[in-house]
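Student: Build me a model from this:
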Amino acid sequence: MNAHGRPLGAARRWFRQFQARRSVVFDCALAAVTTGVELGLTFEDSNPVRAFPAVLIILGGTVLLARRVAPEVVLGLACAVAAVLTVTGQHPGGAPALVALYTVAEVRQPRVSLVALASTGLYLQLAGITVIPVAVGTWGLGAYAQTRRRYTLALEERTAQLEREREQLSVIAAQQERTALARELHDIVAHSVTVMLLGVRGARDVLRTAPDVADETLERVETTGEESVAELRRMLLLLRGPDQSAHLHPQPSLAQLAALVASYDAAGLPTRLKVTGEARPLAGGLELSVYRIVEEALTNVLKHAEPTHVVVTLGFGRTHLDVSVVNDTKRASQPRISASAAASPSAIGHGIVGMRERVSVLGGELEALPEPDGGFRIAARLPLAGSGAAGT
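Tutor: Model (predicted):
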């Protein structure tokens, strides 16, 4: 709901009440003016005013106050008054009947108002009160007023619908932003923490026997931690507003993929990168997604297996990019983070879910299948349409 929903609602209620009151005032004024016109047309200078016809005309004008409630009845009564006046030797102008005919054309369906037009126009013509073209013109004004009112109502409904759709799109966009943020946080934290834990464990194992190796490993852990903090800071700056964009670091891309693979290899996961086909620049969003998919797949291998080798393959085709991360396994093992994580299917499967979401957004396909030798294979096929221009 809008923060100003209450003031706006009160304003709408006041406007509706004002419109209702304005309609009543307008109908009273219209009845008075019509009655005056009819009196003027009936009692000309050569025709003196008589009490009975005058009262009858005033009653006929007063009936117009009910024209919005029962327009056909009001039209019949106005024609009846005109008929009585004609029989008594008067020459009415037919103003109340024309106003009632206008109202029927304004508020009723065309088939109803056309019947009213035919009968009223013929009657007024035969009674010598007015001619058919005048009746047709009056009906046309009423029909135009109805068309215009319906058009205005349609515009208001369309505006309200667009406002509802805008609010729904805002909710969807916010949900998509939250989903994207959750993916980024998972990718950054899961990757970094896993690599750092593995490095710390490795350093602790060789701390007494090979302190130089332990020191080098801890330096890599420190570097990974600093990079993770920088990535988290970048995301926080991004959330604060677009004015912070100048201070953001560039998003990871395929240019950093070799360094990513090398960092896992240095952390003790035997990994190599293989590129087939003609490598070329891709869209920034596609490169980031490929980087994150490979990062998440390697993190899963590091957490859930002890492979003798892992192969990351990028296959550049004419219309698709094939990405795969395949590992064999020396033996199956529990996740190396904690026993509780190993026991939780959601903890194990969250990374796969994130990868599927990324691939789905790009219009691609993802497979996550065990290999016959006991290893595991993550394979994504992503379309390259429109992404071949550099710098896009």
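
Student: For the helix or strand that contains Asp212, give the mean pLDDT please.
Tutor: Here Asp212, judged by DSSP states H and E, is contained in helix 211-240. Helix 211-240 carries an average pLDDT of 74.

Student: Check stretch 63-73 too.
Tutor: Average pLDDT, stretch 63-73: 90.

Student: now swap in stretch 83-92 and tell me
Tutor: Along stretch 83-92, the predicted confidence averages to a pLDDT of 86.

Student: what does that stretch contact?
Tutor: Counting contacts by C-beta atoms under 8 Å, 6 or more residues apart in numbering, the residues outside stretch 83-92 that touch it are 38, 41-42, 47, 50, 52-53, 56-57, 81-82, 127-129. Just so you know, the C-beta spots here come from the backbone N, C-alpha and C atoms, and that holds for glycine as well.

Student: Could you verify that Val323 is part of a helix?
Tutor: No: in this structure, Val323 is strand, not part of a helix, as judged by DSSP: H, G, I helix; E, B strand; the rest coil.

Student: Identify the residues contacting it.
Tutor: Residues counted as contacts of Val323 (C-beta under 8 Å, 6+ apart) are Val290, Ile293, Val294, Thr313, Leu314, Gly315, Ala379, Ala380, Arg381, Leu382.

Student: Tell me the helices and strands packed up against the helix or strand following the helix holding Asp212.
Tutor: Next along the chain after helix 211-240, taking DSSP H and E as the criterion, comes helix 257-266. Contacts of helix 257-266 with other secondary structure elements, assessed using 3 or more C-beta pairs under 8 Å, 6 or more residues apart in numbering; DSSP states H and E, are made with helix 211-240, strand 271-277, helix 284-304, strand 310-316.

Student: Compute the inter-axis angle for the first one and helix 257-266.
Tutor: When you say that, I think you mean helix 211-240. 140 degrees (axes from the mean of the first three to the mean of the last three C-alpha atoms, to 10 degrees).

Student: and which of the contacts of Val323 is nearest to Ala154?
Tutor: Nearest to Ala154 among the contacts of Val323, counting by C-beta to C-beta, is Leu382 at 44.1 Å.

Student: any chance you could map the helices in the stretch 1-150 of the chain?
Tutor: Defined through DSSP state H, counting those that start in this stretch, the helices belonging to the stretch 1-150 of the chain, from first to last, are 5-42, 51-62, 71-87, 95-107, 110-126, 132-206.

Student: Apart from its chain neighbours, what residue comes closest to Ser289?
Tutor: Arg358 (4.6 Å; C-beta to C-beta, 6 or more residues apart in numbering).

Student: tally of neighbours for the one you found?
Tutor: By other C-beta atoms under 10 Å, 24 other residues sit near Arg358.

Student: That one and Gln125, how far apart?
Tutor: In this view, Arg358 and Gln125 are 77 Å apart by C-beta to C-beta, to the nearest Å.

Student: count of neighbours near the nearest residue to Ala297 once chain neighbours are set aside?
Tutor: Closest residue to Ala297 in three dimensions, ignoring its sequence neighbours and counting by C-beta to C-beta, 6+ apart: Val325, at 3.7 Å. Counted with other C-beta under 10 Å, the neighbours of Val325 add up to 25.

Student: who's Val325 bridged to?
Tutor: Beta-bridge partners recorded for Val325 (DSSP bridges): Val312, Ile378.

Student: show me the contacts for it.
Tutor: Val294, Ala297, Leu298, Val301, Val310, Val311, Val312, Thr313, Arg377, Ile378, Ala379.

Student: Backbone dihedrals for Thr209, both of them.
Tutor: Main-chain dihedrals, Thr209, degrees, to the nearest 10: phi -90, psi -30.

Student: how much space between it and Glu216?
Tutor: 14 Å.

Student: Tell me which of these two has more neighbours.
Tutor: More neighbours surround Glu216 than the other of Thr209 and Glu216, with 15 against 8 (other C-beta under 10 Å).

Student: quick one: the more buried one and Leu207, what's the gap?
Tutor: Following C-beta to C-beta, the distance that separates Glu216 from Leu207 is 12 Å.

Student: check which helix or strand covers Glu367.
Tutor: Mapping Glu367 onto the secondary structure by DSSP H and E places it in strand 365-370.

Student: That strand pairs with which strands, parallel or anti?
Tutor: Paired neighbours of strand 365-370 in the sheet (DSSP bridges): strand 376-383 (antiparallel).

Student: and the strand holding Glu367 with helix 284-304, angle?
Tutor: Orientation of strand 365-370 against helix 284-304 (the same axes, to 10 degrees) gives an angle of 10 degrees.

Student: Okay, buried residues for strand 365-370 please.
Tutor: Neighbour-count burial for strand 365-370, with 16 or more other C-beta atoms under 10 Å as criterion, is recorded at Leu366, Ala368.

Student: Just the residues contacting that strand, thanks.
Tutor: Counting by C-beta under 8 Å, 6+ apart, Ile352, Met355, Arg356, Val359, Ser360, Phe376, Arg377, Ile378, Ala379, Ala380, Arg381 sit against strand 365-370.

Student: Which helix or strand contains the first one?
Tutor: Using DSSP H and E, Ile352 sits in helix 345-361.

Student: Distance from the helix holding Asp212 to the middle of the chain?
Tutor: Here the centre of helix 211-240 is set off from its chain's centre by 38 Å, with C-alpha atoms, centre = their mean, to the nearest Å.

Student: Also stretch 63-74?
Tutor: The chain centre lies 45 Å from the centre of stretch 63-74; the measure is C-alpha atoms, centre = their mean.

Student: can you list contacts of it?
Tutor: For stretch 63-74, the external contacting residues (C-beta under 8 Å, 6+ apart) are 23, 27-28, 30-31, 34, 77-78, 81, 96, 99-100, 103-104, 107-108, 112, 116.

Student: For it, measure first residue to last.
Tutor: Across stretch 63-74, the straight-line distance between its terminal residues is 6 Å, by C-alpha to C-alpha, to the nearest Å.

Student: tell me the pLDDT at Ser324?
Tutor: In the prediction, the pLDDT value recorded for Ser324 is 94.

Student: Spatially nearest residue to it (excluding sequence neighbours)?
Tutor: Once chain neighbours are set aside, the closest to Ser324 by C-beta to C-beta, 6+ apart is Ala379, at 4.3 Å.
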